[in-house]
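[1] A structural model of the following input is requested.
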Amino acid sequence: MDTTNLITFLAIVDTGSFSEAGEKLFLTQPAVSKRIASLEEQLGTPVFDRVSRQVILNEAGKALLPRARQMLELVHDTKLEIINLSGEVKGPLSIATSHHIGLRRLPNILKTFTNTFPEVKLDIRFVDSEASYEMLIRGEIELGIITLSPEIQPNIQSKKLWHDPLNFMTAKDHPLTKLKSVTTEQLSQYQAVLPSRNTFTFQVVKNLFDQEGLKLQTAMSTNYLETLRMLAAIGLAWTILPLTMQDDDLRILNVKLKGIQTSPSRQLGYILHPKRTLSNAAKAFIKQLERHKDSC
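    Sure, this is the predicted structure:
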């Protein structure tokens, strides 16, 4: 079975349309349609139903989906094992990372890595940490350097690299800065700017408020921590940020949390798929990450 046809099939499944699959694969829509027609001819049956401009997997497509992923994984792992025999560190390396980690943690690591291994072609995807898990499961990336999920994720191997303390912060002239210590109840009386609800960081804050039966007043949300920092610095609201982002225009609030002795925090690190063969490039990148463990 032609692997390019399977790749196109999965792209349509993941994007939900022929045209978006074409954009993802740098193909015209007629080329995408031709590949699917070839696949359906090989199988002797259609794999999609076209209903009101929607592309929906039919029963044959649903049966093919897990097998298509398995076949492409097998082909990918076989190629990697053969390439790895040479011991050379070269070829493509796809990684996903959040904007915050990419800006604050990775520059020196990436610079050293690219200087040491110039034949590696890096493909860096800047996405939300939560999305990295799905991308890894789908085989779109080899590594994710992200905020780790507080819950164990099936079929994912994770390794902590950095402890990332979080602090409640606001502008220097915000009313909360006049208080020697701030309770969660006092925080609830003012607006907050926070990452979106599906993020690990938002869940950290929400859990603190839920424990006391308090409601969060969120003025707006964005997953770009630099934007949250700016919004808090101009006095719009309070926020929670990594300690590394505090500067003269932001004041750290002395928040007293019931039943908690330490400030909330996140764990940053990398994730990989334990059942997939890693390229030599990925192995070398992990070594580079480990050298910077808890040093950034």
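[2] got the buried residues for the longest helix along the chain?
    Determined from DSSP state H, the single longest helix within the chain is helix 59-84. Within helix 59-84, the residues that count as buried by 16 or more other C-beta atoms under 10 Å are 60-61, 64, 68-69, 72, 76, 80, 83-84. Every C-beta, even on glycine, is put in place using the N, C-alpha and C of the backbone.
[3] Rebuild these as JSON lines, extending it with pLDDT and distance to residue 11.
    Below are the buried residues of helix 59-84 laid out as JSON lines (pLDDT from 0 to 100; distance: C-beta to C-beta, whole Å):
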{"residue": "60", "pLDDT": "94", "distance to residue 11": "18"}
{"residue": "61", "pLDDT": "93", "distance to residue 11": "13"}
{"residue": "64", "pLDDT": "94", "distance to residue 11": "14"}
{"residue": "68", "pLDDT": "92", "distance to residue 11": "11"}
{"residue": "69", "pLDDT": "88", "distance to residue 11": "12"}
{"residue": "72", "pLDDT": "88", "distance to residue 11": "11"}
{"residue": "76", "pLDDT": "80", "distance to residue 11": "15"}
{"residue": "80", "pLDDT": "75", "distance to residue 11": "21"}
{"residue": "83", "pLDDT": "74", "distance to residue 11": "24"}
{"residue": "84", "pLDDT": "71", "distance to residue 11": "27"}
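[4] Closest one of those residues to residue 269?
    Here the nearest of the buried residues of helix 59-84 to residue 269, counting by C-beta to C-beta, is residue 80; it sits at 22.7 Å.
[5] give me every residue that touches the nearest residue to that closest one once chain neighbours are set aside.
    Excluding the flanking residues, the one nearest residue 80 by C-beta to C-beta, 6 or more residues apart in numbering is residue 277, at 4.5 Å. Applying C-beta atoms under 8 Å, 6 or more residues apart in numbering to residue 277 gives the contacts 76-77, 80-81, 84.
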